[in-house]
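> The following comprises the amino acid sequence and a computationally predicted model.
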Amino acid sequence: MFKFGVSINDIKSGDKIIAIMGPTGAGKSTFIDTAVQQNGRRVGHALKSYTADVETVRYNDGKEDIVFVDTPGFDDTTRSDTDILKLIANWLEKTYKKRILLTGIIYVHRITDNRMSGAPLKNLHLFGSLCGEAASPNVILITTMWSDKVLADVGERREKELVEKFWKPMLDLGSTHMRFMGSYESAWDIIRAVIARAKARPVLLQHELVDLHKVLRETEAGKTLYGELLRLLEEQKRIAQQLREEVSKQNQTNPALKAELDNQFKQIEGLLNATVMQIQEMKIPFASRLKSFFSWKKAATHPVLV
C-alpha cells in the first residue's frame, strides 16, 4: 500500500516514522521511490514540491505501516536556508507536541562528490546540530550513487574519508553507516536496520523548541546556520571585491567583458543582500544569548519522551 501526502493528523502511534535528510540531489526522493516501488514516478509527479517542502509517504510492507518523511536540503534552489530550517523545524515541533517521535533518521550523501565542502559540508553541520547527541544512535548515514560512474576504489576511498573524518563525531555517538546500491533490496536492508535500532527519543531541535521553549534562532541548529551564513557572507564579499577590481581594469580596454563583469557583480550583490537579510533574521539578541548560555547543559542531556 502506497499513499503520498500524509498529514500530521493522519500519523498513528503505531507508525514507523523515518525521516530522510541530506543535500539536494543526494538521492533522498530516489531512495523513497525505490523503497515504495514507485520507480521514479513519485518524483516526476511533483518535482517542484520535492525541492521545497517536507513531503510524507505512507507504505505498508505487509507487516507494518512506515511513514517516510522527505525533507529538502539546505542548498535548495527555491528557498533560503533559513526558510528550509523553519520548514523542517515546524514539522518536527508539531509532531513532537502530538507525542509523535521519529523511529529513525537516514542521512544521505552521494559518493560521487569528490570533495566534502560547500553544500554537503554545510548540510552535515546543520544535520548534526539538529539531531544532537542523544538522537545520534537513531541515525544511519548512507552513501548513494555507487553505480554512477564511480570506480570502486575511488568510492571506497571517499567512504573511508567520510567514516574516519567527517562522520566520525556521529559514529562515535552511536550512528552507523551503510551503502544504498539503488535496489529495492538495498533500500529495505537500510530501513530494517533503522527499525531494529529504534529507541524513542526526540532530536535536539524538538527538545529545544518544545521542552526548553526556545525560538528557532536560539537553538543549536539556528546558531549553526547563523555561523554558516556569516562564512557565506565573507566569501560573497571576497568575490564581490574581486569582481569590482576586474571591472575597474576592464573599464577602457574591453567594454564587452566589462559589461559581463558588471552583470556578475549585480548578481553577487543580490546574493549579498539576501544573505544579510537571513543573518539579521537568525541573529540572537543579547538577552536571548545570555538565557541560552545558562540553559545549554539542559540541551546537551535532554530527556527521552515516553
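Done, it's in. Numbers count the residues shown, from 1 in each chain.
> Next, count neighbours for Lys237.
Lys237 has 13 neighbours, counted by other Cβ atoms under 10 Å. Bear in mind the C-beta positions are built from the backbone N, C-alpha and C, glycine included.
> Distance-wise, check it relative to Ile279.
Plainly put, Lys237 is 12 Å away from Ile279 if you go by Cβ to Cβ, to the nearest Å.
> What of Val215?
Applying Cβ to Cβ, the value for Val215 to Ile279 is 16 Å.
> out of those two, which sits in the busier spot?
Set side by side, Val215 and Ile279 give different neighbour counts by other Cβ under 10 Å, the larger being at Ile279 (16 against 12).
> so who does that one touch?
Ile279 sits next to 226, 229-230, 233 when contact means Cβ atoms under 8 Å, 6 or more residues apart in numbering.
> Name the helix or strand for it, please.
Using DSSP states H and E, the secondary-structure element containing Ile279 is helix 255-282.
> quick one: low-confidence parts of the stretch 151-300 of the chain?
Low-confidence segments of the stretch 151-300 of the chain, defined by pLDDT under 70, are located at 250-253, 285-300.
> Now render the contacts of Ile279 as TSV, adding secondary structure and distance to Arg115.
Conversion of the contacts of Ile279 to TSV gives the following (DSSP: H, G, I helix; E, B strand; the rest coil; distance: Cβ to Cβ, whole Å):
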residue	secondary structure	distance to Arg115
Tyr226	helix	24
Leu229	helix	21
Leu230	helix	22
Leu233	helix	22
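> mind listing the strands in this protein by residue range?
For the chain, strands defined by DSSP state E occupy the ranges 2-4, 16-21, 55-60, 65-70, 104-110, 139-144, 176-179.
> Indicate which one of the ones you listed is closest to Glu246.
Comparing those by their distance to Glu246 (Cβ to Cβ), the top pick is strand 104-110, with 33.5 Å.
> Now, of the contacts of Ile279, which are buried?
Members of the contacts of Ile279 that pass the buried threshold by neighbour count (16 or more other Cβ atoms under 10 Å) are listed as 226, 229, 233.
> My read is that the last one contacts Thr275, right?
Yes. When contacts are counted by Cβ atoms under 8 Å, Leu233 is listed as touching Thr275 (5.0 Å).
> For Ile267, give its distance to Asn273.
If you look again at residue 267, you'll see it is Gln, not Ile. When Cβ to Cβ is applied, the distance between Gln267 and Asn273 equals 11 Å.
> Settle it for me: which of these two has more neighbours?
Gln267 (13 against 10).
> so how far is Gly25 from the more buried one?
Here the distance between Gln267 and Gly25 works out to 22 Å (Cβ to Cβ).
> circling back to that earlier point, adding distance to Gly62, write the contacts of Ile279 out as TSV.
Converted to TSV, these look like this (distance: Cβ to Cβ, whole Å):
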residue	distance to Gly62
Tyr226	46
Leu229	46
Leu230	50
Leu233	51
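> Report how many residues lie close to the nearest residue to Tyr107 once chain neighbours are set aside.
Closest residue in space to Tyr107, ignoring its immediate chain neighbours: Leu141 at 4.9 Å, by Cβ to Cβ, 6 or more residues apart in numbering. Burial measure for Leu141: 22 neighbouring residues, criterion other Cβ under 10 Å.
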